[in-house]
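**Q** Could you work out the structure for the sequence below:
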Amino acid sequence: MRFSELVRILEKDGFHLIKEKGSIRYYSKPGNQKLIRVDFHGAKEVPKGTCHAILKAAGIKQR
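**A** Modelled structure (predicted):
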């Protein structure tokens, strides 16, 4: 999975970009106290463990 695909999954689940500093983006959604940090690198592949950790922190079950 690419970073851009991961961001689309987060946005589809209701997350939106809160702040951005360099390549680090923070996402949040109403009702969720946690900020989800994504080190965005566009078309590069997300390491498998990183992808699982981000989706788990967001409360999204991977398909």
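
**Q** State the phi and psi torsions of residue 36.
**A** When quoted as degrees, to the nearest 10, the phi and psi of residue 36 stand at phi -100, psi 120.

**Q** any idea whether residue 17 is helix, strand or coil?
**A** Following DSSP: H, G, I helix; E, B strand; the rest coil, the label given to residue 17 is strand.

**Q** beta partners for it?
**A** Counting by DSSP bridges, residue 17 forms beta bridges with residue 27.

**Q** For it, give me its contacts.
**A** 25-27 (C-beta atoms under 8 Å, 6 or more residues apart in numbering). To be clear about C-beta, it is placed using only N, CA and C from the backbone, and glycine gets the same treatment.

**Q** Thought residue 5 was touching residue 51, still the case?
**A** No. Counting by C-beta atoms under 8 Å, residue 51 sits too far from residue 5 to count as a contact (9.5 Å).

**Q** More neighbours: which of the two?
**A** Applying other C-beta atoms under 10 Å to residue 51 and residue 5 shows that residue 51 carries more neighbours, namely 18 against 13.
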